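>>> Next comes the sequence, and after it the predicted model I'd like to discuss.
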Amino acid sequence: MSQIYLTINNQQAGPYEKDAVNQMISNGQVSKDALGWVQGMAAWEPLSTDTFINLGIDNTIKQETAPIPQSSKALSKRVEQKNLDNTTSNGRGNFQIGKAIGEAFIFYKSNAISSITWLILAGIMGGVPVVNLIVPLMGVNFYTCVRNFRDKGERMSLSGLFDFSFAFDKIIGPIVVGILISIGYACLIIPGIILTFMWAFTPCIQGDTPDLSFTQAMKKSKALAKGNYLKIFLFVVILVLLGLSGFILLGIGALITLPVAHVALYCAYDQCKS
């Protein structure tokens, strides 16, 4: 029997048996428009498609929750955004280190070739003057690809790495953050460590919401990091060790560990904002 994975609150959940999914639809836990995936599918699809009907998902089930009137959808979206803003402003976000790394490996498994290509291109372009300015843009766009995979099941495309919309903030943001953190490390190290914690999620936020300015992304990162400094410190240490471990065996393993470490950072951010 097929095991069905679902996206619930922008998080991957499951796998579930079809009867469990039908029950979740019936009691309103899951919408019929929620994205699902089973082994062998090329991409995630809504539960209302023929693919899932053929698997036994009953789309005639009447859900307990009443549909949101069209006139209320815009208001609902604004309320959700306000709740997100309140969460980040109060620094209440939290994340699980093991879960973030596990989700990162799930992304890599489905996007290995594209992830490796991104890493190689960034390495090559980083050594070319002027052209190396595109590297931070590619890094932010990489996080956008991670977001699209987690939210919509879209596989990473190389064209997405060269999205020049909001290019100024995508390029300047990582550069400014990097320079400020470097200055912090030059000032007795401790300020640099603090700034690293504060702005660790900045490129992730830029990839998630590209229309934000890089200064707004820095502020949101600072808010999310509030109360999580110790965990972020441990997480960063683990990610550094994970990345360095890939250089064993002539560095071939780095083609796995470096992308996974980057994706894990986004997964941690995604948990914090929820």
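Thanks, I have the structure now.
>>> where exactly do the strands run in the stretch 1-150 of the chain?
4-8, 11-16, 35-37, 45-46 (DSSP state E, counting those that start in this stretch).
>>> Which one of the ones you listed lies nearest to I181?
Of all these, it is strand 11-16 that lies closest to I181, at 29.6 Å by CB to CB. (Glycine included, C-beta is placed from N, CA and C.)
>>> Partner strands of that closest one and their direction?
strand 4-8 (antiparallel) (DSSP bridges).
>>> How far off centre is the strand it pairs with?
Distance of strand 4-8 from the chain centroid (CA atoms, centre = their mean, to the nearest Å) equals 16 Å.
>>> got the buried residues for it?
Within strand 4-8, the residues scored as buried using 16 or more other CB atoms under 10 Å are I4, Y5, L6, T7.
>>> which residues are contacting that strand?
Strand 4-8 has contacts (CB atoms under 8 Å, 6 or more residues apart in numbering) with 12-18, 21, 24, 29-30, 34-38, 44, 47, 52, 55, 57, 150-151, 153.
>>> With stretch 32-39 instead?
Counting by CB under 8 Å, 6+ apart, 2-8, 21, 25, 43-48, 52, 55, 57, 59, 61, 63, 152-153 sit against stretch 32-39.
>>> repeat for stretch 168-178
133-134, 136-137, 139-141, 199, 202-203, 206, 210, 212-214, 217-218.
>>> Just the C-alphas of it, formatted as CSV.
Provided in CSV are the C-alpha atoms of stretch 168-178 (Å, rounded to 0.1, in the frame of the first residue of the first chain):
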residue,chain,number,x,y,z
PHE,A,168,20.6,44.6,-5.4
ASP,A,169,19.5,43.4,-2.0
LYS,A,170,20.4,39.8,-2.8
ILE,A,171,23.9,40.8,-3.7
ILE,A,172,24.5,43.6,-1.2
GLY,A,173,22.8,41.9,1.8
PRO,A,174,25.2,38.9,2.2
ILE,A,175,28.2,41.1,1.5
VAL,A,176,27.2,43.7,4.1
VAL,A,177,26.5,41.0,6.7
GLY,A,178,29.8,39.3,5.9
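>>> residues of that stretch that come out buried?
D169, K170, I171, I172, G173, P174, V176, V177.
>>> which among the contacts of stretch 32-39 end up buried?
Buried members of these, scored by 16+ other CB under 10 Å, are 4-7, 21, 25, 44-45, 47-48, 52, 57, 153.
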